[in-house]
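Enquirer: Sequence and predicted structure are below.
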2 protein chains.
Amino acid sequence: MSAVDVGIGLLGYGTVGSSVHRLLVESGDEIERATGHRLRVVKALIRDKRKERPFPAGDGVLTGDFAELRDDPRITVVAEVMGGLDPAGGYVRELLRAGKPVVSANKQLVAREGSELFAIASEAGVQLRFEASVCAAIPVVKVLRESLVVSNVHRVLGIVNGTTNFILSRMEAGGSYADALAEAQALGYAEVYPNDDVTGADAAAKMAILATVAFGSRVGLGDVECRGITELEPAHVSAAAELGMAVKLVGIATLADGAVDVRVQPAFVDRAHALATVDGAFNAVMLQGDSIREITLEGPGAGGIETASAVVADLVSVVGTAGTGFLQNDACWRELPRLDRGAWRSPFYLHLEVADRPGVLAHVTSRLAANEISVAQLVQHLREGEATLDLILHEAHAGDVHEAAAQMATFPEVLRRPFLAPVITERPL
Amino acid sequence: MSAVDVGIGLLGYGTVGSSVHRLLVESGDEIERATGHRLRVVKALIRDKRKERPFPAGDGVLTGDFAELRDDPRITVVAEVMGGLDPAGGYVRELLRAGKPVVSANKQLVAREGSELFAIASEAGVQLRFEASVCAAIPVVKVLRESLVVSNVHRVLGIVNGTTNFILSRMEAGGSYADALAEAQALGYAEVYPNDDVTGADAAAKMAILATVAFGSRVGLGDVECRGITELEPAHVSAAAELGMAVKLVGIATLADGAVDVRVQPAFVDRAHALATVDGAFNAVMLQGDSIREITLEGPGAGGIETASAVVADLVSVVGTAGTGFLQNDACWRELPRLDRGAWRSPFYLHLEVADRPGVLAHVTSRLAANEISVAQLVQHLREGEATLDLILHEAHAGDVHEAAAQMATFPEVLRRPFLAPVITERPL
């Protein structure tokens, strides 16, 4: 290698890893112009040497032996693109302790073991970057860290799971949940076992990372209140359309009165809101803060080349950034309390299926009034002796709204469990 | 100052300058956590010492003498927040030559004199950052430079002027151009003399900077083909609504077949497109590239505190970035040719006002066919013996479409000059 070369190690050489190698080769000139350095993959750790690779590594690059990569003196930075907690976590720890900066695309690793990993990185005085672990090519970590450092970001709204967004877009166009899921699987958006997507677990890991970065206080996976899209029915989606809204699986992280609340759940998004046009497998993150009002970033939230692009951006940032510890690590510097479950405030959508008989509406609305919840919009439909009520409720404490819904569930004329979702809008309701 | 302090000089201490000072004071802890440094304003150059300041500077900070700031050994970085070309340009040159990194919020200075200023910065080996010069708090320069360095960005779509976007939003809601402009002025969005806004000149300067950064080839102000919103009429806006679109002043920068095309003009944006929901005084920039598909950034594109936030982000980046010349300067490294005027391709909207007599439609459509332009949608309205025709045309060379429109303008039954605007959509037409 020439004097300006920087040796890169890859943990993993699958779709993302080989794309990182390809981008480093094909965009070598761009990177050298930007940083003064040529980044070259010198070792890549793999499990199976005989497997065919989408972009071939050079001679002697692939190895099955982690020690060979760890001990290669040419390697300045390592990208972890193998996924999983074990052995990836152990490898990253060893590398950081050995003073090697690491770039990780591993959402589960960062969300679950971030606390320990960043402590090791700080102690060793090296960088651990993780842009690719959240929303692939959308540079939300860099923007939060470096551009919005004085913005006091107090709210993060995110559509951070492409599979569920695709399914909801299809349901909006009239498809059933099952058909939309099958189509997502056929197109490769959804895994054969899409459990982590449809339950919201995948989105929860991303929101935990984003909230941690935005608020500077560790938010663990267990701190995220999470509800997926499995309960959603075509009736909710069509009610949303009728109300001028779209149903989206939205992550909402809030810092209010010194406490943190992070949740993932289906939400009704006003058609005029920037998040409503996020269609198909795209992701979007809206950051609200004091000196910026709000900044929204939208783009592809998954994909091999998109993830590789974020890994390379992090490699470039490590190489181009001073070694003094600038902005690179997860900068938790305080411990904020969690907001009480019911204290979170929002306008809500409430869907009720009731028997079509006199007094039902009065019964429902007086229950809301008793809980000090007022109604902004109401749509009633009749169908074969049953009625559906779709209500938009003015902002209220989530606890009060859930309590009112739980009470209604016990009414004899309420036929099914009420469905609740927060409403996201910038219009007065 | 303590050992970790970094002295900041301000050229100008008006709305933006005093907001920079305020953010540095109020967010001092955040910045120190991120960079290890405390940034302090030690000198601020002003013209009138007696003027009242929104956030007071400390004792001995304000000065009317540039030499005092230039020669202050405590000053490590300078923010130029005074605006105008002269004397700002001369000051920036002197500071760069003296080896001081500069952060500028001055769009006109960067767009007009960037070529010379960046050459001086490179020669001196110091950074010249300019995030605040384009779209205030939206971190599009950092994202292009640092996150999308390997993305081969080939198209930039931007709503980069808040005044015109506000006026168009109001016209969409039914107001006249004159009323909307008056309201924008009353709210402080539009200047008393909003010429640069409504002619597109302000947007053209921003698009020149963005295209330069995105494509790595200098795009001067004179290279931007520019048309404002002054010709727009309520009829065009309501036709857009009828066609499921919104009229926006859009900047479009394209790199195709090794040539660059940059233009600012009213465009018809499909309601399902991410740019269609950019309302009021907000800005948005969509970046399309090989490995990212598209990434959209949206936020407030103007305002004192928003601009100051971007200035502080640049100061933080200068302090936190290695002095080796990483990613900081405008990295023009090639000279791309400009695309021929008529070679640019797009779908188009065409508005015609014609006499209501037999054969008009056939005359118009056969002229389009003769120019090999096909019609995707057509809406006709009759009003007191006149007809309006609103057409959406399939993608074609702009030169052919303009030629066809020019020919139609000579038809005796065409009553007024035809109106043309490109259409922006991701749907097949």
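Expert: Looks like it arrived, so ask away.
Enquirer: tell me which parts of the stretch 151-300 of chain A are close to chain B?
Expert: Counting by C-beta under 8 Å from any C-beta of the partner chain, the stretch 151-300 of chain A comes close to chain B at A:151-152, A:216, A:272-274, A:276-279, A:291-300. The way it works is simple: take the backbone N, C-alpha and C, and place the C-beta from them, glycine included.
Enquirer: Which of these fall in strands?
Expert: A:293-300 (DSSP state E).
Enquirer: Would you write a ChimeraX line that selects the buried entries of the residues of the stretch 151-300 of chain A next to chain B?
Expert: Command for ChimeraX that selects the buried part of these, burial taken from 16 or more other C-beta atoms under 10 Å in any protein chain shown:
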select /A:151,152,216,273,274,276,277,278,279,291,292,293,294,295,296,297,298,299,300
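Enquirer: before we move on, the earlier item: nearest to residue A:191, of the ones in strands among the residues of the stretch 151-300 of chain A next to chain B?
Expert: Using C-beta to C-beta, residue A:300 comes nearest to residue A:191 of those, at 17.2 Å.
Enquirer: Okay, now the sheet partners of the helix or strand residue A:157 falls within, with direction.
Expert: Per DSSP states H and E, residue A:157 falls inside strand A:153-159. Partners of strand A:153-159 in the sheet, by DSSP bridges, are strand A:245-256 (antiparallel), strand A:282-289 (antiparallel).
Enquirer: and that strand with strand A:293-300, angle?
Expert: With axes from the mean of the first three to the mean of the last three C-alpha atoms, to 10 degrees as the basis, strand A:153-159 and strand A:293-300 are set at 30 degrees to each other.
Enquirer: Now render the strands paired with strand A:153-159 as a markdown table, adding mean neighbour count and mean pLDDT.
Expert: Formatted as a markdown table, these follow (neighbours: other C-beta atoms under 10 Å in any protein chain shown; pLDDT from 0 to 100):
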| stretch | mean neighbour count | mean pLDDT |
| --- | --- | --- |
| strand A:245-256 | 24 | 91 |
| strand A:282-289 | 24 | 95 |
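Enquirer: Can you add distance to residue A:91 and give those back as TSV?
Expert: Putting those into TSV (distance: least, C-beta to C-beta, whole Å) gives the following:
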stretch	distance to residue A:91
strand A:245-256	29
strand A:282-289	28
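Enquirer: sorry, back to before: now the very next helix or strand once past the strand holding residue A:157 and strand A:282-289, what's the angle there?
Expert: Where DSSP H and E defines the elements, the next helix or strand beyond strand A:153-159 is helix A:162-172. Calculated by the same axes, to 10 degrees, helix A:162-172 forms an angle of 110 degrees with strand A:282-289.
Enquirer: Name whatever forms a beta bridge with the residue lying closest to residue A:215 once chain neighbours are set aside.
Expert: Closest residue to residue A:215 apart from its sequence neighbours, by C-beta to C-beta, 6 or more residues apart in numbering or on different chains: residue A:255 at 4.9 Å. Counting by DSSP bridges, residue A:255 forms beta bridges with residue A:260.
Enquirer: in terms of contact, does residue A:255 touch residue A:212 like I think?
Expert: No - counting by C-beta atoms under 8 Å, residue A:255 sits too far from residue A:212 to count as a contact (11.5 Å).
Enquirer: What residues are bridge-paired with the nearest residue to residue A:375 once chain neighbours are set aside?
Expert: Closest residue to residue A:375 apart from its sequence neighbours, by C-beta to C-beta, 6+ apart: residue A:391 at 5.6 Å. In this entry, residue A:391 is beta-bridged to residue A:350, residue A:378, by DSSP bridges.
Enquirer: Hmm, residue A:391 is touching residue A:347, no?
Expert: No - with contact defined as C-beta under 8 Å, residue A:391 and residue A:347 do not form a contacting pair (10.5 Å).
Enquirer: more crowded one of the two?
Expert: residue A:391 (22 against 19; other C-beta atoms under 10 Å in any protein chain shown).
Enquirer: so what's that one up against?
Expert: A:349-352, A:375, A:377-379 (C-beta atoms under 8 Å, 6 or more residues apart in numbering or on different chains).
Enquirer: Could you find the closest non-adjacent residue to residue A:385?
Expert: residue A:356 (5.4 Å).
Enquirer: how close does the one you found get to residue A:391?
Expert: 16 Å (C-beta to C-beta, to the nearest Å).
Enquirer: What of residue A:256?
Expert: 25 Å.
Enquirer: For residue A:265, what are phi and psi?
Expert: phi -170, psi 160 (degrees, to the nearest 10).
Enquirer: Could you count how many residues lie near the closest residue to it other than its chain neighbours?
Expert: Counting by C-beta to C-beta, 6+ apart, residue A:265 lies nearest to residue A:227, which is 4.2 Å off, once chain neighbours are set aside. Residues near residue A:227, counting by other C-beta under 10 Å, number 16.
Enquirer: is it true that residue A:227 touches residue A:264?
Expert: Yes - the pair residue A:227 and residue A:264 qualifies as a contact (C-beta under 8 Å) at a distance of 6.8 Å.
Enquirer: so what sits against both of those two?
Expert: Joint contacts of residue A:227 and residue A:264 (C-beta under 8 Å, 6+ apart) are residue A:200.
Enquirer: Can you tell me which residues in the stretch 1-150 of chain A are near chain B?
Expert: A:19, A:23-24, A:26-27, A:30-31, A:33-36, A:131, A:137-139, A:142-143, A:145-150.
Enquirer: what about residue A:107, distance to residue B:136?
Expert: Between residue A:107 and residue B:136 the computed distance is 31 Å (C-beta to C-beta).
Enquirer: So if I had to pick from those two, which one is more boxed in?
Expert: Using other C-beta under 10 Å, the more surrounded residue of residue A:107 and residue B:136 is residue B:136, with 26 against 20.
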